[in-house]
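[1] next one to model:
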Amino acid sequence: MSARREKLLAAAHQASVATEVLLRVASEGGEVDEDTLEKLADAAKILIEADVMAEDAAGETGQLHAALSKFLEGWAS
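    Predicted structure coming up:
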């Protein structure tokens, strides 16, 4: 499996887990936890790494990637 495909699958997984929580909260009520936000942020970061980073590393996408990386520091540890 290519590295790009692995990253795309990882991004899709993170986004789908977060989507499941969002749909459940929307239908049943409750709160969206910080973990859900972090999963969506991680999905966006991985997507940038998989598809866009090489093309726009110094531009707005690179800035978004840097901001997401900073936001996610310590989350996985």
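[2] list the buried ones in the helix or strand of the chain at the bottom of the mean pLDDT ranking?
    Least confident helix or strand of the chain, by mean pLDDT, DSSP states H and E, is helix 60-72 with a mean of 91. The neighbour-count check on helix 60-72 (16 or more other Cβ atoms under 10 Å) flags 65, 68 as buried. To be clear about C-beta, it is placed using only N, CA and C from the backbone, and glycine gets the same treatment.
[3] and for stretch 19-34?
    For stretch 19-34, a neighbour-count test (16+ other Cβ under 10 Å) marks residue 21 as buried.
[4] now it: how far from the chain's centre is it?
    Between the centre of stretch 19-34 and the centre of its chain there are 17 Å (Cα atoms, centre = their mean, to the nearest Å).
[5] ok, residues contacting that stretch?
    Contact with stretch 19-34 is made by residue 36, as judged by Cβ atoms under 8 Å, 6 or more residues apart in numbering.
[6] where does this protein dip in pLDDT?
    The chain contains residues with pLDDT under 70 at 52-58, 76-77.
[7] what ranges does it have for its strands?
    Counting by DSSP state E, no segments of the chain form strands.
[8] how distant is the least confident helix or strand of the chain from the center of its chain?
    The chain centre lies 11 Å from the centre of helix 60-72; the measure is Cα atoms, centre = their mean.
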